[in-house]
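*Asks:* Coordinates for the following, if possible.
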Amino acid sequence: MEKTLKLITILLFIICGSAYAAGEVQVGYPSGQTLYFIIRENDGDVFYPTSDTFEVWGGGAGRAMADYDIALTDKSGGIYVGTFDPDIAAGTYQVQALLRIGGAPADTDPAIGTVAIEWSGSAEIVLESPANYKADVSALATAAALATHDGKLDTIDGIVDSILADTDELQTNQGNFATATGFATAAALATHDAKLDTVDDYVDTEIAAIKARTDNLPGDPADASDISASFAALNDTSAPEFVTALMGDTGITAGGSYTFEDFIKSLGAYSLGTWRDKDGSPGTIELLDWEDDTTVIIEMTSGSSTPYKETTKQ
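*Replies:* The predicted structure is shown next:
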C-alpha cells in the first residue's frame, strides 16, 4: 500500500510540476500531512534560502534539512502549493518533495517525489507546449523567389559561356600577339608602379594621421540627443535653483559632511568677521558672522606644538 501511495504521489508530482506559474510548486499528496520541498542543482548542490545560494549539503557549517526546507501549504483535496524562489537564476533544477515525520524537517524525512524544472529566472519554461517545438520557416525562400534566382543563374551561366568562348579564341590567335598594338610596355608599367608606390606611401601616412586622431576619441561618445538634453536641462535651471544646489553641495571635503554654504560662511567669518575670546575657555577664539557680529561661526584654538591650530564649525 505504501509503495502504491508513493507511486501515485510521484505521478501527481510530475503532472503538477509542469503547472509552475509565477513561481508556484504544486505537489499531489493526500491532505492532512506536513510537506515541504528543497531545490537542487543537477550536480546535487542544495539551495540555501537564507543566503539565496547553492552549496554542498551542510555548507561546511553543519547545516541540515531544517536549513534548506521550503514550506508547502495544504490546499485540501490532495494538493500542496509552495513558491519557487524568484531569486534563483535561470537554469535546470530538481525540485524534491519530502514528508515531514517529526516536529521539524529532518535529514531522515522520506522523499515522496522529484521533478525537473526549466526555470527562466521568473517562471517555469513549459516545454510541453507544441509551440516550443515549432520551427520558424518564415525566412525560407518561396517558390517565386527561387524562380527569380534560377533566372539570374541562367544569365550568369550565359555570360560565363561567352567568356569561355572568348578565351578559346585568344588561345587560337595567340600567334598574332607579337604584332598587337596599344598594349602597355614594360617601361610604362614600371612608371605606373612607381606612381602607385608614391600614392600608397601617401595613403599610409594619411591613414596613420587619421588613426592617431580617432584613437583619442572616447570609446562611447555621448549621443547628440543626450548632449542636447543636458543643455536643455541646464537652460531650464533658474539662477536661484543653481545657487541653492551649489550651496547644498557636500563634495568639497573628504568626509562629505560640510556644504559649500558652510565653507562660504567660515571664509567670511575668518576674513571679515570679529574675533573674540570665548568666555570661560582661555585659548579659544570665537569667529563671528561678519554681518551680525554675534553668531559664532567657528571656534579656533592654537597651541605651541602640533596641531598648531584646530577649528570647529558651530
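
*Asks:* tally of neighbours for Leu72?
*Replies:* Leu72 is flanked by 23 other residues according to other C-beta atoms under 10 Å. From N, CA and C alone the C-beta is placed, and that goes for glycine too.

*Asks:* Thr274 now?
*Replies:* Counted with other C-beta under 10 Å, Thr274 comes out at 12.

*Asks:* In contact with Gly268: list those residues for me.
*Replies:* By C-beta atoms under 8 Å, 6 or more residues apart in numbering, Gly268 lies in contact with Asp289, Trp290, Ile297.

*Asks:* Would you map the strands across the protein?
*Replies:* Remark: strands assigned in the chain by DSSP state E are 24-28, 35-41, 46-48, 53-55, 70-71, 73-74, 79-83, 91-99, 111-119, 275-277, 284-288, 296-302, 309-313.

*Asks:* shaky segments in the stretch 151-300 of the chain?
*Replies:* 174-183, 219-222, 234, 236-237, 239, 242, 250 (pLDDT under 70).

*Asks:* And the helices in it?
*Replies:* For the stretch 151-300 of the chain, the helices defined by DSSP state H, counting those that start in this stretch cover 186-214, 224-235, 239-247, 260-272.

*Asks:* how about those helices in CSV, adding distance to Leu164?
*Replies:* Below are the helices of the stretch 151-300 of the chain laid out as CSV (distance: least, C-beta to C-beta, whole Å):
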stretch, distance to Leu164
helix 186-214, 28
helix 224-235, 55
helix 239-247, 79
helix 260-272, 84
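
*Asks:* Ile159: how many residues sit nearby?
*Replies:* 9.

*Asks:* what about it, distance to Thr167?
*Replies:* 13 Å (C-beta to C-beta, to the nearest Å).

*Asks:* residues touching Tyr80, list them.
*Replies:* Gln26, Val27, Gly28, Tyr29, Leu35, Leu72, Thr73, Asp74, Ala97.

*Asks:* The fifth one pairs with what?
*Replies:* The residues paired with Leu35 through beta bridges, assigned by DSSP bridges, are Leu99.

*Asks:* Next, count neighbours for it.
*Replies:* When neighbours are counted by other C-beta under 10 Å, Leu35 comes out with 22.

*Asks:* just the third one next, same as before
*Replies:* Neighbour count of Gly28, defined by other C-beta under 10 Å: 21.

*Asks:* Perfect, I'm done here.
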